[in-house]
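Trainee: Take a look and give me a structure for this.
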Amino acid sequence: MRAGTFFMSIDRNSPMPLYYQLHRLLLAKIESGELQAGDAFPTEQQIQDTYDVSRTTVRQALGELEDAGKIVRQRGRGTFVAKPKMSHHPDSYPQLADYMTEQGIKPGWRLLNNGWTMPADSIASALGIEAGNNVYRLERLRLENDTPIGYHTAYVAPDYTTHIDDSNFTTGGSLRYLHRLGSLNESMADRTLEALAANERVANLLEVPVGVPLLRVKRVVYSTDSARTPIELLFALYRGDRFEYHINNMRAIGAINA
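Mentor: Just a heads-up that it's a prediction; the model follows:
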């Protein structure tokens, strides 16, 4: 915290609740740049002493900031000003990599593992293949300025593995490695979202504490023919403090590349 910048007054005659006034004062510190992304945030006691308010009022105000994604609390370390989330609007930016570049962010990938594997029955079912058949598995980290923000595990149905281009595992969008499928941009996909807590392995990969919330995206890409054959099943885990998505469930795949 920069010295001499954390002093503003609360109007106790105002009809606005004290916690709301405090929330707005603290938010102004962030939005004005006095408290910047990554800065340690004042402690509850510091805020209480500075503004002469109760601990309950402080906690309500901090709760509002945390819910809005303006601060993050890290167990054992304290509270910090959050980095702005990437808010991806696929209608405007079909490729997430394009959006990141537009925002001055260097997109990238880190290959973790790839090869043939015997899938779980649920994965075989999602890909429309019989249990016991092998599928191609691709495991990668999505990077933001060389920092991991997403963990991708993709499974490709056997009939489509001849289209895999391993030279594109670490370039472009999440489906760039299947670019040899010329009609891919007109394909359809079904996507579901849910929140999950980071287990130990994923937490280590994404460089976050165990148990923090992650955004889980499940996507199935289908062929363009009338059979709508599953091509790829993707499970993507994104850091909840760095990412949010704006999507429709069924869209042309060129408009929803994860």
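
Trainee: quick one: pLDDT of the spatially closest residue to T170 that is not a sequence neighbour?
Mentor: Ranked by Cβ to Cβ, 6 or more residues apart in numbering and with sequence neighbours excluded, the top spatial neighbour of T170 is W109, at 4.2 Å. Where you see a C-beta, it was placed from the backbone N, CA and C, and this is true even at glycine. Model confidence at W109, expressed as pLDDT, equals 95.

Trainee: contacting residues for W109?
Mentor: If a contact means Cβ atoms under 8 Å, 6 or more residues apart in numbering, then W109 has 140-143, 169-171 as its contacts.

Trainee: Max pairwise distance over these: which two?
Mentor: Pairwise distances across the contacts of W109 peak at 14.0 Å for L141 and T171 (criterion: Cβ to Cβ).

Trainee: Neighbour count: those two, which is higher?
Mentor: Between L141 and T171, L141 has the larger neighbour count (other Cβ atoms under 10 Å), namely 19 against 14.

Trainee: Within the helices and strands, which one has that one?
Mentor: With secondary structure defined by DSSP states H and E, L141 is part of strand 135-144.

Trainee: any idea how far I231 is from the closest residue to N114 other than its chain neighbours?
Mentor: Once its chain neighbours are removed from consideration, N114 has its nearest residue in L138; the separation is 4.9 Å (Cβ to Cβ, 6+ apart). Going from L138 to I231 by Cβ to Cβ, to the nearest Å gives 13 Å.

Trainee: so what sits against both of these two?
Mentor: Common contacts of L138 and I231, defined by Cβ under 8 Å, 6+ apart, comprise V156.

Trainee: More neighbours: these two, which one.
Mentor: Using other Cβ under 10 Å, the more surrounded residue of L138 and I231 is I231, with 25 against 22.

Trainee: Look up which residues are beta-bridged to the residue nearest to T170.
Mentor: Each beta-bridge partner of W109 is listed here: R142, as defined by DSSP bridges.

Trainee: Please point out which parts of stretch 157-169 sit buried.
Mentor: Residues of stretch 157-169 classed as buried under the neighbour-count rule (16 or more other Cβ atoms under 10 Å) are 157, 160, 164, 168-169.

Trainee: ok, now stretch 59-73?
Mentor: By 16+ other Cβ under 10 Å, the buried positions in stretch 59-73 come out as 60-62, 64-65, 70-72.

Trainee: Show residues contacting that stretch.
Mentor: Outside stretch 59-73, the residues that reach it (Cβ under 8 Å, 6+ apart) are 19-20, 22-23, 26-27, 30, 41, 44, 47, 79-82, 85, 241.
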